[in-house]
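A.B. asks: need a structure here:
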Amino acid sequence: MSEEAVQQAEAAPETPSNPDDVHYQAVEKEGTVTAIWEMEGQKHLRTIDPRSNEGKQILALFETAA
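C.D. replies: All right, here's what the predicted structure looks like:
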């Protein structure tokens with residue numbers, strides 16, 4: 001790669017992630033949700049405690065969708 005191409009690649013802003021790519025995975029142990037993973041594709045963004053307000057809201061959305 002030329003030096004100019006490297007500089008352009010470094011200067012180019014990263015493309016913003018599409019919010020539609022973000023999804024959640026419930027981590028279960030013995031039938032109980034122990035964590036909620038926020039994922040973007042294959043990348044783990046953060047772990048959410050299912051006992052937190054946000055965790056309860058996410059779980060409620062999945063229960064009503066099922």
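
A.B. asks: for Ala60, helix, strand, or coil?
C.D. replies: helix (DSSP: H, G, I helix; E, B strand; the rest coil).

A.B. asks: One more: Glu63?
C.D. replies: Glu63 ends up helix, using three-state DSSP.

A.B. asks: ok, Gly41 - contacts?
C.D. replies: Asp21 (Cβ atoms under 8 Å, 6 or more residues apart in numbering). Bear in mind the C-beta positions are built from the backbone N, C-alpha and C, glycine included.

A.B. asks: next one: phi and psi at it?
C.D. replies: Main-chain dihedrals, Gly41, degrees, to the nearest 10: phi 70, psi -120.

A.B. asks: Run through the residues that contact His44.
C.D. replies: 37-38.

A.B. asks: Pull up the pairing partners for the host helix or strand of it, direction included.
C.D. replies: In the assignment (DSSP states H and E), His44 maps to strand 43-48. Its sheet considered, strand 43-48 pairs with strand 32-40 (antiparallel) by DSSP bridges.

A.B. asks: Mind checking the pLDDT average for the partner strand?
C.D. replies: For strand 32-40, the per-residue pLDDT values average out at 96.

A.B. asks: And for stretch 57-66?
C.D. replies: pLDDT averaged over stretch 57-66 gives 84.

A.B. asks: Show me which positions of that stretch end up buried.
C.D. replies: 58-59 (16 or more other Cβ atoms under 10 Å).
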